[in-house]
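**Student:** Dropping a prediction and its sequence here:
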Amino acid sequence: MGRCIHCDKDGVFVFTDRFGLCPRCRTVVALDLNDRASSLNGCAEVVDTSKELVTRLARCDEAIEHLRYTRDAQVQ
Ligand SMILES: [Zn+2]
């Protein structure tokens, strides 16, 4: 018997991985984290290449939000 930490589904036939995710949620969480990582890389590239300070700072704020989301997703 398992309980998914993401969807809270439980039962005899609910199998979870080492992160506590059922197969359906594992896919959803993996896609979400991949999107976050891609966005984070985009932010880092703009911060490295933009000549506009305002743009660079805005992308830093966006990167921080992505990192906070990822950190909080790990805690649940
Ligand atoms: Zn689940």
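**Tutor:** That came through fine. Residues are numbered from 1 along each chain as shown.
**Student:** Model confidence for Tyr69, exactly?
**Tutor:** pLDDT recorded at Tyr69 is 90.
**Student:** What strand or helix carries the residue nearest to it when sequence neighbours are not counted?
**Tutor:** Nearest residue to Tyr69, sequence neighbours excluded (CB to CB, 6 or more residues apart in numbering): Arg36, at 6.5 Å. Every residue, glycine included, has its C-beta placed from N, CA and C. Using DSSP states H and E, Arg36 sits within helix 23-49.
**Student:** wait, what's in contact with His6?
**Tutor:** Going by CB atoms under 8 Å, 6 or more residues apart in numbering, His6 touches Gly20, Leu21, Cys22, Cys25, Val28, Val29, Gln76.
**Student:** how far away is Glu52 from Ala58?
**Tutor:** Distance of Glu52 to Ala58, given as CB to CB, to the nearest Å: 9 Å.
**Student:** More neighbours: these two, which one.
**Tutor:** Ala58 (15 against 10; other CB atoms under 10 Å).
**Student:** what's the distance between that one and the ion?
**Tutor:** 34 Å (CB to the ion, to the nearest Å).
**Student:** Distance check, the residue most central in space within the chain against Ala58.
**Tutor:** For the chain, the residue nearest the mean C-alpha position is Leu33 (3.4 Å; CA atoms, centre = their mean). From Leu33 across to Ala58, the span is 23 Å (CB to CB).
**Student:** Out of the contacts of His6, who's the most crowded?
**Tutor:** Cys22 (22 neighbours).
**Student:** contacting residues for that one?
**Tutor:** Neighbouring residues of Cys22 by CB under 8 Å, 6+ apart: Gly2, Cys4, His6, Cys7, Lys9, Val14, Phe15, Thr16.
**Student:** Quick check, Ser50 in contact with Ala58.
**Tutor:** No. Under the criterion of CB atoms under 8 Å, Ser50 makes no contact with Ala58, lying 9.4 Å away.
**Student:** related to what we said a few turns ago, buried subset of the contacts of Cys22, written for PyMOL?
**Tutor:** Listed next is the PyMOL selection for buried residues among these, using 16 or more other CB atoms under 10 Å:
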select buried, resi 2+4+6+16
